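Student: Fold the following, please.
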Amino acid sequence: MSGCVLVVDDHPPSLKLARVLLGASGYEVLTAGDAEEALSVLAETRPGLVLMDIQMPRVDGLALTRQLKADPRYREIPIVALTARAMRGDDLAARAAGCDGYVAKPIDTRTLPSFVARHLRRA
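Tutor: Now for the predicted structure:
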């Protein structure tokens with residue numbers, strides 16, 4: 001599903017914001033609150049893009065990204081890291097884990113739909 005985006009984030013307001021914002025732009029938005037839920041969603045559907053929170057309990061977003069990129073079933077799905085930390089080097093750590101892009105939180109609501117569109121076109 002090229003117009004489908006999976007948002008993985010343990011912060012319910014962030015999930016709601018992404019669902020409303022991207023849904024209003026015509027995307028099908030699936031959400032997961034943690035790595036286990038994300039794997040469950042991925043077992044049922046293949047999104048065109050994953051927006052992955054980096055800081056999550058139990059399994060963080062970078063570990064989940066490494067797991068997905070190591071699995072031939074999910075390797076080709078673009079993953080964009082989302083983080084509130086935005087520390088120097090976080091973008092490099094995200095790329096090293098296999099992320100295809102990086103966005104700092106708070107998310108710019110004006111540019112997120114076009115950012116998603118660019119990543120979906122590349123996929």
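Student: ok, so what distance separates residue 55 from residue 43?
Tutor: The span separating residue 55 from residue 43 equals 24 Å under the rule Cβ to Cβ, to the nearest Å. Any C-beta I mention is one placed from the backbone N, CA and C, and that applies to glycine too.
Student: more neighbours, these two?
Tutor: residue 55 (15 against 10; other Cβ atoms under 10 Å).
Student: I'd guessed that one sits against residue 82; true?
Tutor: No: the pair residue 55 / residue 82 is not scored as a contact, 9.3 Å apart, by Cβ atoms under 8 Å.
Student: Identify the contacts common to those two.
Tutor: Common neighbours of residue 55 and residue 82, counting by Cβ atoms under 8 Å, 6 or more residues apart in numbering, are residue 61.
Student: Residue 69 - how many residues pack around it?
Tutor: 17.
Student: element containing it, please.
Tutor: helix 61-70 (DSSP states H and E).
Student: So for that helix, what gets flagged as buried?
Tutor: 61-62, 64-65, 67-69 (16 or more other Cβ atoms under 10 Å).
Student: between these, which is nearest residue 3?
Tutor: Using Cβ to Cβ, residue 68 is the member of the buried residues of helix 61-70 that lies nearest residue 3, at 19.9 Å.
Student: Now for that closest one: which residues touch it?
Tutor: 42, 50, 74-75, 77, 79, 98.
Student: quick one: it from residue 15, how far?
Tutor: Distance from residue 68 to residue 15, by Cβ to Cβ: 19 Å.
Student: Give the residue spans of the protein that score low on pLDDT.
Tutor: 1-2, 85-89, 123 (pLDDT under 70).
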